[in-house]
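1. would you be able to build a 3D model of this:
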Amino acid sequence: MCTTTSKRRSKRRRLSSELCTNTSTTPTPRPNWSDLQPDLLELIFEKLPAEDAIRFPAVCHFWELAAKSSVSSTYTPLSQQPPMLIFPSQDMSSRLLFSSAMKKVYSITNEFPEDDIVLSSHGWLLTCEKYYKEYTKVIYLFNPLSGARIELPPITDQHRLPVHRAAISADPSRNNNFIVVIVLKLRVDETRMIFLKHGDTEWKDFCWLHDHYDCQVDIMFYEDQLSVVSSDRIVVWDFREKPDSTKNEDFPTITKDFQISGLKIERQWNMSTYRLESQGDIMFVKKVRRRYSFHFYIYRLNDEDKTWEKVDSLIGRALFLQEKLSTMALSTRNFPTLLEGNSIYFVEIYEKSKKSKDPSRNMAEIRILQYNLEDKKKPKVYEKFKVKEADHYPPRPWILPNPVLHGEKKHKSSETEAD
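-> This next block holds a predicted model:
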(Lines give C-alpha, C1' and ligand atoms only; values in the text may rest on other atoms or scores of the structure.)
Protein backbone atom coordinates (compact mmCIF):
# COMPACT_ATOMS: atom_id res chain seq x y z
CA MET A 1 0.00 0.00 0.00
CA CYS A 2 2.88 2.29 0.77
CA THR A 3 4.37 1.46 -2.60
CA THR A 4 1.12 2.39 -4.40
CA THR A 5 0.87 5.69 -2.53
CA SER A 6 4.48 6.52 -3.35
CA LYS A 7 3.91 5.84 -7.04
CA ARG A 8 0.86 8.16 -7.06
CA ARG A 9 2.86 10.97 -5.44
CA SER A 10 5.68 10.49 -7.92
CA LYS A 11 3.22 10.62 -10.81
CA ARG A 12 1.69 13.84 -9.47
CA ARG A 13 5.16 15.40 -9.15
CA ARG A 14 6.03 14.49 -12.75
CA LEU A 15 2.69 15.89 -14.01
CA SER A 16 3.18 19.11 -12.00
CA SER A 17 6.72 19.43 -13.32
CA GLU A 18 5.52 19.02 -16.91
CA LEU A 19 2.82 21.62 -16.42
CA CYS A 20 5.34 24.09 -14.99
CA THR A 21 7.74 23.38 -17.81
CA ASN A 22 5.06 23.88 -20.44
CA THR A 23 3.91 27.10 -18.77
CA SER A 24 7.38 28.53 -18.65
CA THR A 25 8.24 27.67 -22.23
CA THR A 26 4.92 28.72 -23.81
CA PRO A 27 5.16 32.46 -24.72
CA THR A 28 2.35 34.69 -23.49
CA PRO A 29 0.45 35.95 -26.55
CA ARG A 30 0.78 39.71 -27.02
CA PRO A 31 -2.41 41.69 -27.47
CA ASN A 32 -3.08 42.66 -31.06
CA TRP A 33 -4.09 46.32 -30.80
CA SER A 34 -5.33 46.31 -34.37
CA ASP A 35 -8.06 43.85 -33.29
CA LEU A 36 -9.78 46.49 -31.16
CA GLN A 37 -13.29 47.28 -32.32
CA PRO A 38 -13.53 50.39 -34.57
CA ASP A 39 -16.06 52.01 -32.21
CA LEU A 40 -13.64 51.60 -29.30
CA LEU A 41 -10.74 53.01 -31.34
CA GLU A 42 -12.84 56.04 -32.32
CA LEU A 43 -13.77 56.59 -28.66
CA ILE A 44 -10.08 56.49 -27.67
CA PHE A 45 -9.17 58.86 -30.51
CA GLU A 46 -11.80 61.42 -29.50
CA LYS A 47 -10.44 61.53 -25.93
CA LEU A 48 -6.85 62.24 -26.99
CA PRO A 49 -5.28 65.71 -26.93
CA ALA A 50 -4.58 67.06 -30.40
CA GLU A 51 -0.86 66.33 -30.17
CA ASP A 52 -1.50 62.60 -29.65
CA ALA A 53 -4.36 62.55 -32.13
CA ILE A 54 -1.95 63.54 -34.89
CA ARG A 55 0.29 60.56 -34.04
CA PHE A 56 -2.60 58.11 -33.61
CA PRO A 57 -3.02 57.14 -37.32
CA ALA A 58 0.67 56.22 -37.63
CA VAL A 59 0.25 53.16 -35.36
CA CYS A 60 -1.29 50.94 -38.04
CA HIS A 61 -3.73 50.90 -40.93
CA PHE A 62 -6.76 50.06 -38.74
CA TRP A 63 -6.03 52.92 -36.37
CA GLU A 64 -5.71 55.26 -39.32
CA LEU A 65 -9.15 54.19 -40.61
CA ALA A 66 -10.68 54.72 -37.16
CA ALA A 67 -9.14 58.19 -36.90
CA LYS A 68 -10.39 59.19 -40.35
CA SER A 69 -13.87 57.92 -39.53
CA SER A 70 -13.94 59.91 -36.30
CA VAL A 71 -12.64 63.12 -37.87
CA SER A 72 -15.09 62.95 -40.80
CA SER A 73 -18.09 62.37 -38.54
CA THR A 74 -20.28 65.34 -37.72
CA TYR A 75 -20.51 64.65 -34.00
CA THR A 76 -16.82 65.12 -33.09
CA PRO A 77 -16.75 68.40 -31.13
CA LEU A 78 -13.70 70.61 -31.62
CA SER A 79 -14.55 72.63 -28.54
CA GLN A 80 -13.74 69.74 -26.19
CA GLN A 81 -10.13 70.90 -26.23
CA PRO A 82 -8.87 74.35 -25.30
CA PRO A 83 -7.38 76.44 -28.10
CA MET A 84 -3.72 76.61 -29.02
CA LEU A 85 -1.72 79.76 -29.70
CA ILE A 86 0.57 80.15 -32.70
CA PHE A 87 3.43 82.60 -32.30
CA PRO A 88 6.72 83.29 -34.10
CA SER A 89 10.02 81.61 -33.33
CA GLN A 90 13.53 82.98 -33.67
CA ASP A 91 13.88 80.96 -36.87
CA MET A 92 11.64 81.99 -39.79
CA SER A 93 11.56 78.38 -40.99
CA SER A 94 9.42 77.38 -38.01
CA ARG A 95 6.65 78.66 -35.76
CA LEU A 96 5.84 77.80 -32.16
CA LEU A 97 2.57 76.26 -31.04
CA PHE A 98 1.55 76.54 -27.39
CA SER A 99 -0.81 73.84 -26.15
CA SER A 100 -2.85 74.96 -23.16
CA ALA A 101 -4.00 71.35 -22.71
CA MET A 102 -0.46 69.97 -22.33
CA LYS A 103 1.22 73.19 -21.10
CA LYS A 104 3.94 72.63 -23.68
CA VAL A 105 5.36 74.45 -26.66
CA TYR A 106 5.86 72.65 -29.96
CA SER A 107 7.87 73.73 -32.96
CA ILE A 108 6.20 73.22 -36.35
CA THR A 109 7.43 73.87 -39.85
CA ASN A 110 6.51 77.34 -41.08
CA GLU A 111 4.66 76.53 -44.30
CA PHE A 112 3.81 80.18 -44.98
CA PRO A 113 6.81 82.37 -44.05
CA GLU A 114 5.92 85.14 -46.51
CA ASP A 115 2.13 84.83 -46.49
CA ASP A 116 -0.47 86.63 -44.38
CA ILE A 117 -2.80 84.85 -41.98
CA VAL A 118 -6.25 86.33 -42.54
CA LEU A 119 -8.40 84.18 -40.25
CA SER A 120 -8.32 81.28 -37.80
CA SER A 121 -11.56 79.29 -37.83
CA HIS A 122 -12.57 75.66 -37.15
CA GLY A 123 -8.92 74.71 -36.70
CA TRP A 124 -7.91 76.08 -40.12
CA LEU A 125 -5.95 79.16 -41.11
CA LEU A 126 -7.14 81.18 -44.10
CA THR A 127 -3.87 82.33 -45.63
CA CYS A 128 -3.05 84.45 -48.66
CA GLU A 129 -0.05 85.88 -50.45
CA LYS A 130 1.16 89.17 -49.05
CA TYR A 131 1.20 90.89 -52.46
CA TYR A 132 -0.77 90.66 -55.67
CA LYS A 133 0.92 89.26 -58.76
CA GLU A 134 -0.50 91.52 -61.42
CA TYR A 135 -4.17 91.50 -60.32
CA THR A 136 -4.44 88.10 -58.63
CA LYS A 137 -3.62 86.85 -55.13
CA VAL A 138 -3.25 83.19 -54.13
CA ILE A 139 -5.39 82.14 -51.17
CA TYR A 140 -5.75 78.78 -49.40
CA LEU A 141 -6.82 77.02 -46.20
CA PHE A 142 -4.07 75.48 -44.10
CA ASN A 143 -4.15 73.19 -41.05
CA PRO A 144 -1.05 73.89 -38.93
CA LEU A 145 -1.28 70.62 -37.00
CA SER A 146 -1.32 68.15 -39.88
CA GLY A 147 -0.07 70.30 -42.74
CA ALA A 148 -3.27 69.71 -44.74
CA ARG A 149 -3.94 72.37 -47.35
CA ILE A 150 -7.07 73.21 -49.37
CA GLU A 151 -6.47 75.35 -52.43
CA LEU A 152 -9.02 78.05 -53.24
CA PRO A 153 -9.41 80.01 -56.47
CA PRO A 154 -7.20 83.13 -56.51
CA ILE A 155 -8.69 86.51 -55.75
CA THR A 156 -8.81 88.86 -58.73
CA ASP A 157 -9.07 92.57 -58.04
CA GLN A 158 -8.14 95.42 -60.34
CA HIS A 159 -7.58 97.72 -57.34
CA ARG A 160 -5.38 95.15 -55.53
CA LEU A 161 -7.35 95.68 -52.34
CA PRO A 162 -5.95 94.19 -49.11
CA VAL A 163 -7.92 91.50 -47.29
CA HIS A 164 -9.56 93.12 -44.27
CA ARG A 165 -11.81 90.45 -42.70
CA ALA A 166 -12.92 86.88 -43.47
CA ALA A 167 -15.33 84.20 -42.25
CA ILE A 168 -15.93 80.48 -42.93
CA SER A 169 -19.40 78.96 -42.58
CA ALA A 170 -18.39 75.42 -41.48
CA ASP A 171 -15.47 73.15 -40.69
CA PRO A 172 -13.91 72.13 -44.05
CA SER A 173 -12.84 68.82 -42.44
CA ARG A 174 -16.45 67.76 -41.97
CA ASN A 175 -18.46 69.71 -44.51
CA ASN A 176 -17.69 70.01 -48.21
CA ASN A 177 -20.37 72.69 -48.62
CA PHE A 178 -18.56 75.38 -46.67
CA ILE A 179 -18.63 79.04 -47.71
CA VAL A 180 -15.82 81.59 -47.44
CA VAL A 181 -16.57 85.32 -47.27
CA ILE A 182 -13.86 87.97 -47.55
CA VAL A 183 -13.97 91.72 -46.99
CA LEU A 184 -11.55 93.71 -49.17
CA LYS A 185 -10.64 97.13 -47.83
CA LEU A 186 -11.00 99.97 -50.33
CA ARG A 187 -10.97 103.03 -48.08
CA VAL A 188 -11.70 103.82 -44.47
CA ASP A 189 -15.37 104.20 -45.30
CA GLU A 190 -15.83 101.67 -48.10
CA THR A 191 -15.20 97.94 -48.50
CA ARG A 192 -15.94 95.24 -51.06
CA MET A 193 -17.36 91.86 -49.99
CA ILE A 194 -16.89 88.65 -52.01
CA PHE A 195 -17.87 85.04 -51.36
CA LEU A 196 -17.01 81.55 -52.57
CA LYS A 197 -18.91 78.29 -52.19
CA HIS A 198 -16.56 75.33 -52.07
CA GLY A 199 -16.31 73.89 -55.56
CA ASP A 200 -16.81 77.23 -57.31
CA THR A 201 -14.09 78.35 -59.71
CA GLU A 202 -14.28 82.09 -58.98
CA TRP A 203 -15.23 84.56 -56.26
CA LYS A 204 -18.48 86.52 -56.53
CA ASP A 205 -19.28 90.06 -55.41
CA PHE A 206 -22.40 90.43 -53.32
CA CYS A 207 -22.09 93.66 -51.37
CA TRP A 208 -20.31 96.97 -50.91
CA LEU A 209 -20.18 98.48 -47.44
CA HIS A 210 -20.20 102.26 -47.37
CA ASP A 211 -19.65 104.98 -44.82
CA HIS A 212 -22.75 104.17 -42.76
CA TYR A 213 -20.56 101.50 -41.13
CA ASP A 214 -17.69 102.47 -38.94
CA CYS A 215 -14.33 101.06 -39.95
CA GLN A 216 -14.44 98.54 -37.08
CA VAL A 217 -16.66 95.90 -38.67
CA ASP A 218 -16.57 92.14 -38.15
CA ILE A 219 -18.21 89.30 -40.01
CA MET A 220 -19.24 85.92 -38.58
CA PHE A 221 -21.28 82.87 -39.58
CA TYR A 222 -23.97 81.15 -37.56
CA GLU A 223 -26.09 78.38 -39.11
CA ASP A 224 -25.20 79.44 -42.68
CA GLN A 225 -26.18 83.04 -42.01
CA LEU A 226 -23.55 85.75 -42.22
CA SER A 227 -23.71 88.66 -39.78
CA VAL A 228 -21.89 91.88 -40.59
CA VAL A 229 -21.67 93.76 -37.30
CA SER A 230 -20.40 97.19 -36.33
CA SER A 231 -21.04 99.12 -33.14
CA ASP A 232 -24.26 100.65 -34.48
CA ARG A 233 -25.57 98.35 -37.23
CA ILE A 234 -26.09 94.71 -38.18
CA VAL A 235 -26.91 93.18 -41.56
CA VAL A 236 -27.56 89.44 -41.90
CA TRP A 237 -27.31 87.50 -45.18
CA ASP A 238 -28.85 84.06 -45.55
CA PHE A 239 -26.65 81.70 -47.58
CA ARG A 240 -28.92 78.68 -47.24
CA GLU A 241 -30.16 77.24 -50.50
CA LYS A 242 -33.72 78.07 -51.49
CA PRO A 243 -35.98 75.27 -52.72
CA ASP A 244 -36.84 77.16 -55.91
CA SER A 245 -33.35 78.60 -56.53
CA THR A 246 -31.48 78.22 -59.80
CA LYS A 247 -27.81 78.58 -60.65
CA ASN A 248 -28.41 82.24 -61.51
CA GLU A 249 -29.99 82.82 -58.11
CA ASP A 250 -27.03 81.66 -56.08
CA PHE A 251 -26.64 84.89 -54.15
CA PRO A 252 -27.51 85.35 -50.46
CA THR A 253 -30.54 87.33 -49.39
CA ILE A 254 -30.74 89.91 -46.62
CA THR A 255 -32.91 88.73 -43.72
CA LYS A 256 -32.07 91.41 -41.18
CA ASP A 257 -30.87 95.00 -41.37
CA PHE A 258 -31.25 97.52 -38.54
CA GLN A 259 -29.49 100.16 -36.50
CA ILE A 260 -28.30 99.25 -32.98
CA SER A 261 -28.49 101.69 -30.08
CA GLY A 262 -27.12 101.64 -26.56
CA LEU A 263 -23.41 101.85 -27.32
CA LYS A 264 -21.32 104.84 -28.19
CA ILE A 265 -17.76 104.15 -29.27
CA GLU A 266 -15.20 106.92 -29.39
CA ARG A 267 -12.00 105.83 -31.04
CA GLN A 268 -9.10 105.92 -28.62
CA TRP A 269 -5.51 104.79 -28.96
CA ASN A 270 -5.78 102.63 -25.83
CA MET A 271 -9.03 100.87 -26.80
CA SER A 272 -9.68 97.71 -28.83
CA THR A 273 -13.07 96.33 -29.83
CA TYR A 274 -14.14 92.81 -30.76
CA ARG A 275 -17.33 91.24 -32.07
CA LEU A 276 -18.10 87.53 -31.89
CA GLU A 277 -20.82 84.88 -31.84
CA SER A 278 -21.40 82.83 -28.67
CA GLN A 279 -24.20 80.26 -28.30
CA GLY A 280 -26.23 82.07 -30.95
CA ASP A 281 -25.71 85.53 -29.40
CA ILE A 282 -23.83 88.39 -31.04
CA MET A 283 -21.47 89.95 -28.50
CA PHE A 284 -19.45 93.15 -28.44
CA VAL A 285 -16.32 93.40 -26.28
CA LYS A 286 -14.44 96.57 -25.49
CA LYS A 287 -10.94 96.43 -23.99
CA VAL A 288 -9.44 99.58 -22.49
CA ARG A 289 -5.84 99.76 -21.33
CA ARG A 290 -4.88 102.21 -18.60
CA ARG A 291 -1.17 102.15 -17.79
CA TYR A 292 -0.58 98.63 -16.44
CA SER A 293 -4.22 97.65 -15.98
CA PHE A 294 -6.99 96.50 -18.31
CA HIS A 295 -10.75 96.98 -18.19
CA PHE A 296 -13.28 94.97 -20.19
CA TYR A 297 -16.87 95.79 -21.07
CA ILE A 298 -19.10 93.14 -22.65
CA TYR A 299 -22.43 93.65 -24.40
CA ARG A 300 -25.00 91.31 -25.93
CA LEU A 301 -27.22 92.20 -28.88
CA ASN A 302 -30.93 92.24 -28.03
CA ASP A 303 -32.64 91.60 -31.37
CA GLU A 304 -36.09 92.59 -30.20
CA ASP A 305 -35.11 95.92 -28.69
CA LYS A 306 -32.28 96.47 -31.22
CA THR A 307 -29.92 97.53 -28.45
CA TRP A 308 -26.67 96.43 -26.84
CA GLU A 309 -27.24 95.07 -23.32
CA LYS A 310 -24.43 95.04 -20.78
CA VAL A 311 -23.25 91.57 -19.71
CA ASP A 312 -21.73 91.21 -16.23
CA SER A 313 -20.91 87.51 -16.27
CA LEU A 314 -19.89 84.74 -18.66
CA ILE A 315 -21.14 81.77 -16.70
CA GLY A 316 -19.28 78.64 -17.78
CA ARG A 317 -17.64 80.40 -20.72
CA ALA A 318 -14.30 81.99 -21.56
CA LEU A 319 -13.45 84.46 -24.31
CA PHE A 320 -10.24 84.33 -26.36
CA LEU A 321 -9.48 87.65 -28.00
CA GLN A 322 -7.30 88.33 -31.00
CA GLU A 323 -7.90 91.31 -33.25
CA LYS A 324 -9.21 90.42 -36.74
CA LEU A 325 -8.00 86.84 -36.66
CA SER A 326 -9.53 84.55 -34.09
CA THR A 327 -11.84 85.94 -31.43
CA MET A 328 -13.88 83.07 -29.98
CA ALA A 329 -15.98 81.94 -27.01
CA LEU A 330 -15.77 78.44 -25.53
CA SER A 331 -17.48 76.51 -22.77
CA THR A 332 -15.04 75.72 -19.96
CA ARG A 333 -17.06 72.80 -18.55
CA ASN A 334 -15.06 70.31 -20.63
CA PHE A 335 -11.73 71.38 -19.12
CA PRO A 336 -12.30 72.98 -15.68
CA THR A 337 -8.72 72.29 -14.55
CA LEU A 338 -7.18 74.06 -17.55
CA LEU A 339 -9.29 77.18 -17.99
CA GLU A 340 -11.42 79.35 -15.72
CA GLY A 341 -14.96 80.24 -16.61
CA ASN A 342 -16.11 83.84 -16.57
CA SER A 343 -12.68 84.86 -17.87
CA ILE A 344 -11.09 86.60 -20.84
CA TYR A 345 -7.80 85.37 -22.29
CA PHE A 346 -5.78 87.75 -24.45
CA VAL A 347 -2.22 88.30 -25.67
CA GLU A 348 0.06 91.25 -24.98
CA ILE A 349 3.63 92.09 -26.00
CA TYR A 350 6.15 93.48 -23.51
CA GLU A 351 9.45 94.97 -24.64
CA LYS A 352 12.46 96.00 -22.58
CA SER A 353 12.98 99.74 -22.23
CA LYS A 354 16.77 99.36 -22.51
CA LYS A 355 17.81 98.29 -25.97
CA SER A 356 20.99 96.49 -26.94
CA LYS A 357 23.16 97.85 -29.72
CA ASP A 358 22.89 94.42 -31.30
CA PRO A 359 19.23 94.12 -32.50
CA SER A 360 19.43 90.32 -32.47
CA ARG A 361 19.85 90.41 -28.69
CA ASN A 362 16.75 92.50 -28.02
CA MET A 363 14.09 90.16 -26.65
CA ALA A 364 10.36 90.70 -26.24
CA GLU A 365 7.96 88.75 -24.07
CA ILE A 366 4.64 87.40 -25.29
CA ARG A 367 2.21 87.02 -22.39
CA ILE A 368 -1.11 85.22 -22.31
CA LEU A 369 -3.12 87.13 -19.72
CA GLN A 370 -6.29 86.07 -17.95
CA TYR A 371 -8.84 88.60 -16.74
CA ASN A 372 -11.60 87.42 -14.39
CA LEU A 373 -14.87 89.32 -14.80
CA GLU A 374 -15.96 88.65 -11.24
CA ASP A 375 -13.06 90.06 -9.24
CA LYS A 376 -12.02 92.60 -11.94
CA LYS A 377 -8.46 92.61 -10.62
CA LYS A 378 -5.24 92.98 -12.53
CA PRO A 379 -4.98 90.16 -15.11
CA LYS A 380 -2.96 87.10 -14.14
CA VAL A 381 -0.15 85.81 -16.33
CA TYR A 382 -1.42 82.50 -17.69
CA GLU A 383 1.77 81.79 -19.67
CA LYS A 384 4.68 83.75 -21.12
CA PHE A 385 7.31 83.23 -23.83
CA LYS A 386 10.41 85.10 -24.98
CA VAL A 387 10.97 85.87 -28.65
CA LYS A 388 13.26 88.13 -30.60
CA GLU A 389 11.87 91.64 -30.72
CA ALA A 390 11.91 91.66 -34.52
CA ASP A 391 9.95 88.40 -34.65
CA HIS A 392 6.90 89.20 -32.55
CA TYR A 393 5.04 91.22 -35.18
CA PRO A 394 3.54 88.35 -37.26
CA PRO A 395 -0.01 87.46 -36.16
CA ARG A 396 -0.52 85.30 -33.09
CA PRO A 397 -3.83 83.57 -33.77
CA TRP A 398 -5.71 81.29 -31.44
CA ILE A 399 -6.62 78.04 -33.13
CA LEU A 400 -8.90 75.17 -32.14
CA PRO A 401 -7.04 71.83 -32.38
CA ASN A 402 -8.39 70.02 -35.42
CA PRO A 403 -6.50 66.80 -36.27
CA VAL A 404 -7.73 66.67 -39.86
CA LEU A 405 -6.33 63.68 -41.71
CA HIS A 406 -7.59 63.73 -45.28
CA GLY A 407 -5.35 65.15 -47.97
CA GLU A 408 -2.68 66.06 -45.50
CA LYS A 409 0.90 67.02 -46.14
CA LYS A 410 2.74 65.99 -43.00
CA HIS A 411 5.30 68.32 -41.52
CA LYS A 412 7.72 67.69 -38.71
CA SER A 413 7.01 68.90 -35.22
CA SER A 414 9.13 68.81 -32.11
CA GLU A 415 8.65 69.71 -28.51
CA THR A 416 10.52 72.69 -27.12
CA GLU A 417 10.71 74.27 -23.71
CA ALA A 418 9.02 77.58 -23.03
CA ASP A 419 11.26 80.20 -21.53
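
2. where do the helices sit along the stretch 251-400 of the chain?
-> Counting by DSSP state H, counting those that start in this stretch, the stretch 251-400 of the chain has no helices at all.

3. with the stretch 1-150 of the chain instead?
-> Under DSSP H, counting those that start in this stretch, the stretch 1-150 of the chain gives helices at 2-25, 38-47, 50-55, 61-72.

4. which helices and strands does the last one pack with?
-> Helices and strands touching helix 61-72, by 3 or more Cβ pairs under 8 Å, 6 or more residues apart in numbering; DSSP states H and E, are helix 38-47. Quick note: C-beta positions are derived from backbone N, CA and C, even for glycine.

5. list the helices and strands the helix it packs on packs on?
-> Applying 3+ Cβ pairs under 8 Å, 6+ apart, one finds that helix 38-47 contacts helix 61-72.

6. the inter-axis angle of the helix it packs on versus helix 38-47?
-> Helix 61-72 and helix 38-47 are oriented at 60 degrees to each other (axes from the mean of the first three to the mean of the last three Cα atoms, to 10 degrees).

7. would you mark the buried spots in helix 61-72?
-> 62-63, 66-71 (16 or more other Cβ atoms under 10 Å).

8. mean confidence (pLDDT) on that helix, please.
-> In this model, helix 61-72 carries a mean pLDDT of 74.

9. sorry, back to before: weakest of the helices of the stretch 1-150 of the chain in terms of mean pLDDT?
-> helix 2-25 (a mean of 50).

10. how much space separates Asn110 from Pro88?
-> 9 Å (Cβ to Cβ, to the nearest Å).

11. now the common contact residues for these two.
-> Jointly contacting Asn110 and Pro88 under the rule Cβ atoms under 8 Å, 6 or more residues apart in numbering are Arg95.

12. so Glu111 sits against Phe142, correct?
-> Yes - between Glu111 and Phe142 there is a contact under Cβ atoms under 8 Å: 6.3 Å.

13. any shared contact partners between those two?
-> In contact with both Glu111 and Phe142: Arg149, using Cβ under 8 Å, 6+ apart.

14. give me the number of neighbouring residues for Asp375.
-> Using other Cβ atoms under 10 Å, Asp375 is surrounded by 8 other residues.

15. list the contacts of it.
-> So Asp375 contacts nothing (Cβ under 8 Å, 6+ apart).

16. quote the end-to-end distance of stretch 336-344.
-> 15 Å (Cα to Cα, to the nearest Å).

17. quick one: contacts of that stretch?
-> Counting by Cβ under 8 Å, 6+ apart, 82, 100-101, 285, 296, 313-321, 330, 332-333, 345, 370-374 sit against stretch 336-344.

18. so which of those are in strands?
-> Among the contacts of stretch 336-344, the members falling in strands (DSSP state E) are 285, 296, 317-320, 330, 345, 370-372.

19. now the buried members of the residues you listed.
-> Using 16+ other Cβ under 10 Å as the burial test, the ones in strands among the contacts of stretch 336-344 include 285, 296, 317-320, 330, 345, 370-371 as buried.

20. ok, which stretches of the stretch 51-200 of the chain are strands?
-> 84-88, 94-99, 104-109, 116-121, 124-128, 136-142, 149-156, 163-168, 179-187, 190-197 (DSSP state E, counting those that start in this stretch).

21. please apply the same query to the stretch 201-350 of the chain.
-> Counting by DSSP E, counting those that start in this stretch, the segments of the stretch 201-350 of the chain that form strands are 204-209, 218-222, 225-229, 233-238, 253-259, 271-278, 281-290, 293-302, 307-311, 317-320, 328-331, 343-351.

22. I'd like these as TSV, with distance to Tyr135 and mean pLDDT appended.
-> Output for the strands of the stretch 201-350 of the chain, formatted as TSV (distance: least, Cβ to Cβ, whole Å; pLDDT from 0 to 100):
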stretch	distance to Tyr135	mean pLDDT
strand 204-209	15	80
strand 218-222	24	89
strand 225-229	26	91
strand 233-238	26	91
strand 253-259	29	91
strand 271-278	31	89
strand 281-290	35	90
strand 293-302	38	92
strand 307-311	40	94
strand 317-320	36	92
strand 328-331	34	88
strand 343-351	35	87
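
23. which among these is found nearest to Lys378?
-> Of all those, strand 293-302 sits nearest to Lys378, with 5.7 Å by Cβ to Cβ.

24. could you find the closest non-adjacent residue to Val285?
-> Tyr274 (4.3 Å; Cβ to Cβ, 6 or more residues apart in numbering).

25. mind listing what Tyr345 touches?
-> 318-321, 339, 368-371, 382.

26. kindly indicate which of the residues you listed lies nearest Ser94.
-> Ile368 (19.9 Å).

27. my guess is the closest one meets Ile349, correct?
-> No - using Cβ under 8 Å, Ile368 is not in contact with Ile349, being 11.4 Å away.

28. between the two, tell me which one has more neighbours.
-> Taking other Cβ under 10 Å, Ile368 and Ile349 do not tie; Ile368 has more neighbours (22 against 14).

29. how far away is that one from Lys287?
-> In terms of Cβ to Cβ, Ile368 sits 15 Å off from Lys287.

30. again with Val387
-> Applying Cβ to Cβ, the value for Val387 to Lys287 is 22 Å.

31. repeat that for Val138.
-> Using Cβ to Cβ, which is the criterion applied here, Val138 is 33 Å from Lys287.

32. more neighbours: these two, which one.
-> More neighbours surround Lys287 than the other of Val138 and Lys287, with 19 against 15 (other Cβ under 10 Å).

33. count the neighbours of the nearest residue in space to that one that is not next to it in sequence for me.
-> Excluding its sequence neighbours, the residue lying closest to Lys287 (Cβ to Cβ, 6+ apart) is Ser272, at 4.6 Å. Neighbouring residues of Ser272 were enumerated by other Cβ under 10 Å; the total is 15.

34. swap in the one 3 residues further on?
-> Applying the criterion other Cβ under 10 Å, we find 22 residues in the vicinity of Arg275.

35. ok, the one 4 residues further on next?
-> Gln279 sits with 10 neighbouring residues when counted by other Cβ under 10 Å.

36. same thing with Thr191?
-> Thr191 has 22 neighbouring residues, counting by other Cβ under 10 Å.

37. for it, give the beta-bridge partners.
-> Judged by DSSP bridges, the bridge partners of Thr191 are Lys185, Leu209.
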